[in-house]
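return a 3D structure for these sequence lines:
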Amino acid sequence: MDHVVDHDQLRNLILSDYSRHTSPNKNSTDNSSSYLSTLHLNPVISLPLCLPLLNVNENWLVQFYSLRMMTWCLNSLSSSSSSEIIRKKITSYIPTLLPSHPPPVYLLNILSLTLALLIKHTYPTVWSHPFLYLTSLLSSQNSVLNSEIYCRTLKMLVQELVYDVTGEEVGEGDRRRDERVRDEMRGGKGEGGGSDVESIFRGLLQLIQTSPHPHLQHLSLTTLKLYINWSSITLVMSSPCLHVILSCLEREGLKEEACDCLGEIVNKGMGEEEKLNVLEGLNLIQVFNSTFKTSPSSLSTHTKLTSIINSVGIQLISISESPNPPISTKAGSMMNSWMELILKTFVHDSIIVSGEVLNVLSRWTMCLGKQVGKGRGEKMGGFWAEEYLVKVLSCVFRQMQYQKGYDFNQKENLPELVSVFDSQTLAVEEDDDDEEIYRQEVRKLYAKIVRWQPDQAVQMIGATLGRLPVQLSGSEFEVAEAALRLVFHFQEGLSSKMAKMIGNGGVFDQICIALFESDIGFHSNHELLILYLDIAVRYGKVLIGLKDSNKKCLLIGRCYECIGRGVAGGRRRIRSRCCYLLLRFVKTMKGIGGNAIVCSALTMVQEIINTNAAADYSLLGLDEHNYLFESAGLLLCDEVQTSVSGLSTFTVPQLSKIREIIHPGNLAFNPQQKAALASMLIANIAHLSKGYSKSDMTKGESVTLRGAKRILLNPLVRNCEDDVTQVVQLMNLLLIKFGNRVNLGIDPILLPFLRHCMELTPQVQEGSTDQINVEKVSIMKLQVLFLQHVVSNDCVGVLFSNQNIAGLVDIMRLMLQGLYVKEAARSTIVFFSKISSSGVADNYASYWRFVFGDVLMSIWQLMTDKTRFNVRDAVCAKTVGESANLMGLLREHRKEDFGLFVQNLTVSMGKDMSCLRVEEGGIKSLKKSVQAALQSI
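The predicted structure follows:
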């Protein structure tokens with residue numbers, strides 16, 4: 001700081017800084033802000049300057065800055081003389097404040113903070129009786145303003161000593177100091193001989209009772225809440241205190257704060273016996289019932305009351321499990337009375353209020369689980385959780401029901417008709433709004449009950465469904481939906497051992513069969529149709545276990561009929577969900593139902609696909625197409641007699657449409673949309689093939705391969721650009737599925753495709769961007785991946801065919817680039833190992849010259865480059881292992897060539913490498929020799 005200003009100059013700087021911040025031109029070159037920001041770093045200089053500015057005749061902003069400077073000084077200076085100067089200034093300043101001209105709230109807050117910091121830093125060593133001073137403010141002439149300062153100071157003090165509102169890390173010394181202040185406040189002598197906390201507590205109670213000002217009562221009550229945990233339980237449970245808090249429950253504007261105080265009391269730490277005495281003394285059941293009846297509460301107040309009910313219930317259950325019989329018996333008796341209040345609150349119309357007691361009900365299920373298998377004579381602590389099982393299940397069923405008019409599509413903001421060209425994907429998960437989150441929590445509670453009492457849950461499910469109309473399609477939606485939820489979520493609560501019992505013909509199986517036989521799938525609300533299908537998928541083994549084959553086929557056919565109905569008449573989300581559940585159901589029922597059912601299901605799928613195609617693919621999205629075609633592939637594998645013709649029914653229209661799209665004359669108009677459609681059609685064929693296992697490959701494979709070769713692959717590899725990744729994926733999928741049977745399709749396109757990829761590769765020149773380098777590497781990786789699939793799927797002969805032999809060396813050079821990518825080095829070596837061991841290359845000298853002259857030497861150059869290769873690295877270690885495998889293979893089958901390679905390697909490395917020629921010990925010995933050679937270099 002170059003110079004020190006006087007008081008008048010400091011005042012002008014403060015006002016100037018404020019004006020600069022509030023003016024439209026905030027970028028002015030005024031240096032007042034920089035000066036003020038550096039002034040607080042020099043408390044020795046700033047304190048004398050700011051003290052005279054704390055005067056009621058000054059501008060409020062000037063007074064605020066003066067007080068703020070004092071707070072900085074209190075946190076920075078350890079001098080008791082400085083603290084004493086500030087204290088005298090503050091205590092002489094407060095009486096000058098006038099009620100007729102009250103200070104703004106921000107000034108009261110900084111004044112209270114200054115007082116709190118004074119107490120924090122000087123009590124009790126320097127300022128021995130600060131709370132006597134604060135109490136004296138209540139009896140002064142300016143009682144309203146001073147009472148507000150009193151409450152705000154006490155609130156600030158708690159925040160400084162406990163909550164550390166500054167957010168800064170507190171040092172160990174500061175933490176010990178704060179603990180000493182708290183301990184002194186609890187044990188120090190306050191007014192009347194009690195502790196300082198007791199005098200604070202009594203002062204706040206008196207203020208709540210006597211002040212005629214609502215805002216002051218509110219402030220006093222919120223301050224009282226902070227000191228409940230600091231006060232003795234005797235003081236808290238005294239008649240004056242309880243009278244004040246409970247009376248505030250009946251006063252508008254104070255109810256929520258009174259609830260907070262009660263919450264602090266019931267959650268206050270103490271022993272079990274003392275806790276029971278406190279809860280008994282509060283008589284909360286009577287208090288709450290009276291409050292609910294005589295004084296209608298706001299939703300927020302009701303929620304706070306319910307939170308107390310939840311907290312008390314959890315504590316009573318825990319104490320009822322105490323090993324001390326008198327205590328546990330008393331807690332159990334109190335819990336029996338408390339359960340009625342819990343259940344009454346649980347069925348409240350507001351999910352916010354009801355949700356507050358889910359924790360205590362979850363704790364009740366834990367108690368229920370501990371009591372399973374125990375007789376009533378062994379009941380724990382006088383509280384028998386099973387006595388409330390039926391009531392809880394009844395309440396759970398009620399709370400599972402959605403409110404009337406609940407919109408399941410409220411977050412479905414996308415248009416009703418969705419095209420395959422849309423970039424957005426429809427999520428099949430349910431909305432995560434508050435209503436849905438609450439229902440999910442209730443369902444979790446139900447699952448916990450099922451875990452411990454499955455038989456009772458089954459009885460309740462049967463009774464609930466029995467109360468519905470015979471024609472379930474005409475039942476009330478909310479009730480029917482909750483009833484089906486009981487069935488659907490039943491398995492979630494079962495242990496793995498109990499879950500195996502489903503499908504064995506028990507009572508629950510009979511309920512499921514009755515539900516499958518009902519007409520619930522034809523309810524006017526499609527949400528029930530979705531839930532019905534979810535149940536069919538989850539409990540498919542119940543259908544599979546039916547001994548009556550005719551009934552089994554009938555019910556499976558009804559499920560397919562419901563799926564078709566949902567896709568045909570449902571909203572977008574319903575259509576999507578039905579397509580997904582179709583795939584799930586087909587997988588569940590694979591091999592079940594017979595040809596008639598399979599043919600019927602295939603017909604339904606074909607009709608859905610044809611309807612969507614007739615509507616220009618606007619009814620279903622990309623995912624839904626994938627589900628449909630994969631389902632068709634699975635169904636075709638089940639229907640042996642018609643699988644070949646059926647496969648043609650699904651593939652030929654897709655291939656024909658692709659041929660139409662990629663015709664040069666058609667691509668000129670709207671190419672992006674045509675490309676998106678072609679991509680979807682390719683994906684359809686790929687997902688159709690996912691339904692086939694390896695044993696199913698001979699079924700109609702000629703249809704797919706012939707069509708793919710003639711219509712799909714040849715034009716695609718010559719025209720692909722941005723979609724080169726998808727083309728590679730398609731060819732890789734064909735190689736994986738059909739192996740060497742796809743040779744005829746891959747042979748004519750291998751070199752054209754690789755050359756086309758080279759044309760797509762951007763040229764890297766000096767000054768090229770990183771993006772160009774990334775694109776080049778990306779295309780190179782696609783080529784390498786494709787060639788690896790060719791070799792790995794027994795198609796080595798394609799590389800040596802008459803059409804491709806001329807480009808063999810170029811192909812091998814391309815693969816050799818994979819050595820210089822750490823993650824691809826091992827697979828590159830495997831590539832050459834597979835070719836070398838296949839026998840196809842035996843008569844091609846150019847191949848062996850490349851392997852011994854380029855591949856092996858490059859491998860050793862890589863392994864000896866310590867900047868890129870670490871033998872201890874797991875990936876590199878695997879590369880060494882594959883290198884040993886390749887060299888062992890070559891040593892066995894090409895001894896002369898390998899011997900010459902070892903000689904050349906010895907010259908190149910400047911080290912005798914003849915150990916590589918020793919055949920004893922096989923590959924393991926060779927690997928150790930390679931490792932030893934690498935370590936010695």
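
quick one, helices of the stretch 151-300 of the chain?
172-187, 196-210, 214-228, 233-236, 239-248, 255-266, 272-282, 284-294, 299-320 (DSSP state H, counting those that start in this stretch).

let me have these in CSV, extended by mean pLDDT and distance to residue 897.
Heads up, the C-betas are built off the backbone N, CA and C, glycines and all. Supplementary listing: the helices of the stretch 151-300 of the chain in CSV, determined by pLDDT from 0 to 100; distance: least, C-beta to C-beta, whole Å:
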stretch, mean pLDDT, distance to residue 897
helix 172-187, 84, 74
helix 196-210, 91, 94
helix 214-228, 94, 88
helix 233-236, 91, 93
helix 239-248, 92, 96
helix 255-266, 93, 86
helix 272-282, 93, 86
helix 284-294, 79, 93
helix 299-320, 93, 79
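
so which bits of the host helix or strand of residue 107 are buried?
When elements are defined using DSSP states H and E, residue 107 is found to belong to helix 105-122. For helix 105-122, the neighbour count (16 or more other C-beta atoms under 10 Å) marks 107-122 as buried.

to residue 383, which of the helices of the stretch 151-300 of the chain lies closest?
Among the helices of the stretch 151-300 of the chain, the nearest to residue 383 by C-beta to C-beta is helix 299-320 (4.4 Å).

orientation of that closest one relative to helix 255-266 in degrees?
10 degrees (axes from the mean of the first three to the mean of the last three C-alpha atoms, to 10 degrees).

how far is helix 299-320 from where the chain is centred?
Shown here is helix 299-320, whose average C-alpha point lies 28 Å from the average C-alpha point of the whole chain (C-alpha atoms, centre = their mean, to the nearest Å).

for stretch 626-637, same thing?
Here the centre of stretch 626-637 is set off from its chain's centre by 32 Å, with C-alpha atoms, centre = their mean.

need the contact list for residue 509.
The neighbourhood of residue 509, defined by C-beta atoms under 8 Å, 6 or more residues apart in numbering, consists of 502-503, 542, 545.

which one of those is nearest residue 625?
residue 542 (30.3 Å).

residues near the closest one, how many?
Using other C-beta atoms under 10 Å, residue 542 has 24 neighbouring residues.

then residue 348?
For residue 348, using other C-beta under 10 Å, the count is 18.

need phi/psi at it.
Main-chain dihedrals, residue 348, degrees, to the nearest 10: phi -60, psi 150.

and the residue nearest to it when sequence neighbours are not counted, what element?
In space, not counting the residues next to it along the chain, residue 348 is nearest to residue 354; the distance is 4.8 Å by C-beta to C-beta, 6 or more residues apart in numbering. Assigning secondary structure by DSSP H and E places residue 354 in helix 351-355.

contact partners of that helix?
Taking contacts as C-beta under 8 Å, 6+ apart, the residues outside helix 351-355 that touch it are 299, 302-303, 306, 345-348, 399, 434-435, 438, 441.

got a quick PyMOL command for the buried subset of those residues?
What follows is the PyMOL syntax selecting those of the contacts of helix 351-355 that are buried according to 16+ other C-beta under 10 Å:
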select buried, resi 302+303+306+345+346+348+399+435+438+441
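
and the contacts of helix 351-355, which is closest to residue 475?
For those, the minimum distance to residue 475 (C-beta to C-beta) is 18.7 Å, reached by residue 399.

ok, the closest one - contacts?
Neighbouring residues of residue 399 by C-beta under 8 Å, 6+ apart: 346-347, 354, 439, 442.

need those residues in CSV (columns: secondary structure, pLDDT and distance to residue 158).
Rendered in CSV, the data for these read as follows (DSSP: H, G, I helix; E, B strand; the rest coil; pLDDT from 0 to 100; distance: C-beta to C-beta, whole Å):
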residue, secondary structure, pLDDT, distance to residue 158
346, helix, 95, 35
347, coil, 94, 38
354, helix, 94, 33
439, helix, 92, 40
442, helix, 96, 38
